[in-house]
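K.L.:
turn this into a structure:
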Amino acid sequence: MKDMQAQLEKLQRDAAECALIRDLATNPKKRELFARLAEHLAVLASAVEQAIGESTDSDIAPDLPPRP
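P.N.:
Numbering: from 1, shown residues only. Prediction:
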C-alpha cells in the first residue's frame, strides 16, 4: 500500500511540474506537449487513487494474496 501511495504522490508531482512547464513554455508545440503530459499524468494519478480506495474498502489486505 505504501508503494501505491508513493506512486500516487509522484504522479501528482509530475503532473503539476508538467503543468508548470506548460504555463512557462513560449513554444506552442512544447506548450501543447506538456499540456497533454500533465493531463495524462493526472488521469494516471486518478486511476491509482481509485485503486487505493478500492483496496482499502476490501476485506483482503492489499499486500497479501487472496485467501483460498
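
K.L.:
so what does Asp14 look like in phi/psi?
P.N.:
The phi and psi values for Asp14, taken as degrees, to the nearest 10, are phi -60, psi -40.

K.L.:
and what of Asn27?
P.N.:
phi -80, psi 120.

K.L.:
quick one, what contacts it?
P.N.:
If a contact means C-beta atoms under 8 Å, 6 or more residues apart in numbering, then Asn27 has no contacts. Heads up, the C-betas are built off the backbone N, CA and C, glycines and all.

K.L.:
could you do Ala19 as well?
P.N.:
By C-beta under 8 Å, 6+ apart, the contact list for Ala19 reads 34-35, 38.

K.L.:
over to Ala25?
P.N.:
Under the criterion of C-beta under 8 Å, 6+ apart, the contact list for Ala25 reads 31, 34.

K.L.:
ok, the one 10 residues further on next?
P.N.:
Contacts for Ala35 were tallied using C-beta under 8 Å, 6+ apart; they are 18-19, 22.

K.L.:
that one: which element?
P.N.:
Counting by DSSP states H and E, the element that carries Ala35 is helix 28-57.

K.L.:
great, nothing more from me.
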